[in-house]
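Enquirer: task: produce atomic coordinates for the following.
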Amino acid sequence: MTVPAVEILWPSSLPSDPAEEGQELLREAGVETRCMLLPTRRGAAEVVMVLVMTAVLDPFLRTLFQKVAEDAHKGLKAFTDRLFASSGHEAPAPEGVVFETPAGGRVTFTPGLPPGAYQQAVGLDVRDQRWTWDSRAAMWVPN
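Expert: Next up, the predicted model:
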């Protein structure tokens, strides 16, 4: 068995349909993907972790999401939108989707980000920093 290129860690308290759809989207793009349900933790935010098994996020995102859509940023948005979707309009959805690299770099996507956030994310040099979107400055900033 090969090591997955991506692991999606999904909160078990949320409906699993979006996780399965996201996993299928990546598999259709030829990316080995595994989805795992995480036990519910009291007081913890309901975020989805997307573990990327490569040290550098930028080339991974470009390669992966160019397979999913014409432009990498559109594929990234389509993927995160699937994870944010809930199976029913009253069902809860994740509060965030966090991409993490083995070096500890993190990019946190939240619902409703503008298209420019996805365009910038594809070219972001993540390294070992944690990045969030600053809506006032309209750019990713390290925390």
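Enquirer: please pull up the helix or strand immediately following the worst-scoring helix or strand of the chain on mean pLDDT.
Expert: Confidence across the helices and strands of the chain bottoms out at helix 57-68, with a mean of 62, counting by mean pLDDT, DSSP states H and E. Later in the chain than helix 57-68, the nearest helix or strand by DSSP states H and E is helix 72-84.
Enquirer: same for that next one, what does it pack against?
Expert: Contacts defined by 3 or more Cβ pairs under 8 Å, 6 or more residues apart in numbering; DSSP states H and E place helix 72-84 against helix 17-28, helix 57-68, strand 96-100, helix 115-122. C-beta coordinates here come from the backbone N, C-alpha and C atoms, glycine included.
Enquirer: partner strands of the shortest one, with direction?
Expert: Okay, so that is strand 96-100. Strands that pair with strand 96-100, judged by DSSP bridges, come out as strand 47-52 (parallel), strand 106-109 (antiparallel).
Enquirer: pick the most buried one from the ones you listed.
Expert: Neighbour counts (mean count of other Cβ atoms under 10 Å) averaged over each of the strands paired with strand 96-100 peak at strand 106-109, with a mean of 22.
Enquirer: any chance you could list what contacts that one?
Expert: 47, 57, 80, 96-100, 117, 121, 124, 126, 129-133, 140 (Cβ atoms under 8 Å, 6 or more residues apart in numbering).
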